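# below: sequence and its predicted model.
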Amino acid sequence: MKKHVFLLVALATFFTAFISCSNDDPKTSQVEVRLVDAPGDYDAVNIDVQDVMINVNDGENGWKSLGNVTPQVYNLLELTGGIDALLVDTEIPAGKISQIRLVLGENNSIVVDGQTHPLATPSAQQSGLKLNVHQDLVGGVKYTFILDFMVDKSIVVEGNGAYSLKPTIRVITEAASGAISGMVNPFDYQVEVSAVSGEEEAITTYTNEEGKFMLHGVPAGTYSVTFTPDEASGLAPKTVEGVNSVLGENTDMGTVELE
């Protein structure tokens, strides 16, 4: 049975839950996990990434895979100068995440002076390397977690000349967008909600049966938000100017009255 080695990266964070919406669920955030490297003095450092997991309740029973991870061997020394490897791009439920776990397989190696050597991952590393990061992730917002694998601090040369991996990983969190939410009144009919900034393409959603809406993935900026009711409602369209979207935040417009 294939033995896996677990590198634990602690990530203490909370997900803020907002109003529900039929077409856009604000109780989830889009999450990317990317791998980069700080250069090291080797020809290649190859790690065998099998999975990325999260821990949702601080206990050993709280682990679950983020899914859609294609097992692959990455040469860390190629992930420099703005190049990275996308490990995960998915949506996860709102709630507490205590850790991220990078699951490695056995096919790890290092190339030194043209010679390839096995890269051992000591069993002690199963207890992991923990890095604490405290940040609120807002529903409807996209976040990127960058795992900065610091090779120069992660490779140990043993007394017998063998090489071991004792990873040092820095976690960087980037919010790539904001969100705009609120509700309309009356809400007997569905309303199209669109946000436009300058010449950019409109970001559009619809209200749910309770008149609530959330525009996901809104880049930072100032927007005109237009509400277009169904023609059968007899209500007139309405535009609200000067609505700000802030990275990593949900801008709540409150209740918008339609006439």
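In hand now; what should we look at?

# any chance you could list what contacts stretch 144-152?
Surrounding stretch 144-152, the residues in contact under the criterion C-beta atoms under 8 Å, 6 or more residues apart in numbering are 9, 11, 31-42, 45, 47, 76-77, 79, 84, 87, 100, 102, 167-174, 176. Heads up, the C-betas are built off the backbone N, CA and C, glycines and all.

# domain assignment for the chain?
Split into domains by automatic domain parsing, the chain comes to 5-175, 178-257.

# a markdown table for those domains, including mean pLDDT and mean neighbour count?
Listed next are the domains of the chain as a markdown table, based on pLDDT from 0 to 100; neighbours: other C-beta atoms under 10 Å:
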| stretch | mean pLDDT | mean neighbour count |
| --- | --- | --- |
| domain 5-175 | 75 | 17 |
| domain 178-257 | 93 | 17 |
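
# name the element L102 belongs to?
Here L102, judged by DSSP states H and E, is contained in strand 97-104.

# name the helices or strands packed onto that strand?
Contacts defined by 3 or more C-beta pairs under 8 Å, 6 or more residues apart in numbering; DSSP states H and E place strand 97-104 against strand 5-16, strand 44-55, strand 142-150.

# quick one: strands adjacent to that strand?
Strand pairing for strand 97-104, using DSSP bridges, gives strand 5-16 (antiparallel), strand 44-55 (antiparallel).

# quick check, distance from that strand to the centre of its chain.
13 Å (C-alpha atoms, centre = their mean, to the nearest Å).

# tilt between it and strand 142-150?
50 degrees (axes from the mean of the first three to the mean of the last three C-alpha atoms, to 10 degrees).

# pull strand 97-104 out as PDB, backbone CA atoms only.
What follows is strand 97-104, C-alpha atoms only, in PDB (Å, rounded to 0.1, in the frame of the first residue of the first chain):
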ATOM      1  CA  ILE A  97     -10.900  25.900   8.500                       C
ATOM      2  CA  SER A  98      -8.100  25.100  10.900                       C
ATOM      3  CA  GLN A  99      -5.500  23.600   8.600                       C
ATOM      4  CA  ILE A 100      -4.600  22.800   5.000                       C
ATOM      5  CA  ARG A 101      -2.800  19.500   4.400                       C
ATOM      6  CA  LEU A 102      -0.600  18.900   1.400                       C
ATOM      7  CA  VAL A 103      -0.500  15.200   0.700                       C
ATOM      8  CA  LEU A 104       2.700  13.800  -0.900                       C
END
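
# other SSEs contacting the helix or strand just after that strand?
Next along the chain after strand 97-104, taking DSSP H and E as the criterion, comes strand 109-112. In terms of contacts (3+ C-beta pairs under 8 Å, 6+ apart), strand 109-112 is packed against strand 44-55, strand 115-120.

# got a list of contacts for the shortest one?
Pointing back at strand 115-120 there. Everything outside strand 115-120 that qualifies as a contact, by C-beta under 8 Å, 6+ apart, is 45-47, 108-111, 155, 158, 162-165.

# and the angle for it with strand 97-104?
Using the same axes, to 10 degrees: strand 115-120 against strand 97-104 is 140 degrees.

# what do you get for the longest one?
Inter-element angle recorded for strand 44-55 and strand 97-104: 140 degrees (by the same axes, to 10 degrees).

# show me how far strand 44-55 is from its chain's centre.
In this view, strand 44-55 has its centroid 16 Å away from the chain centroid, taken as C-alpha atoms, centre = their mean.

# what's downstream of it, the next helix or strand?
Going down the chain from strand 44-55, the next helix or strand is strand 63-65, by DSSP H and E.

# distance between that next one and the chain's centre?
Strand 63-65 sits 15 Å away from the centroid of its parent chain (C-alpha atoms, centre = their mean).
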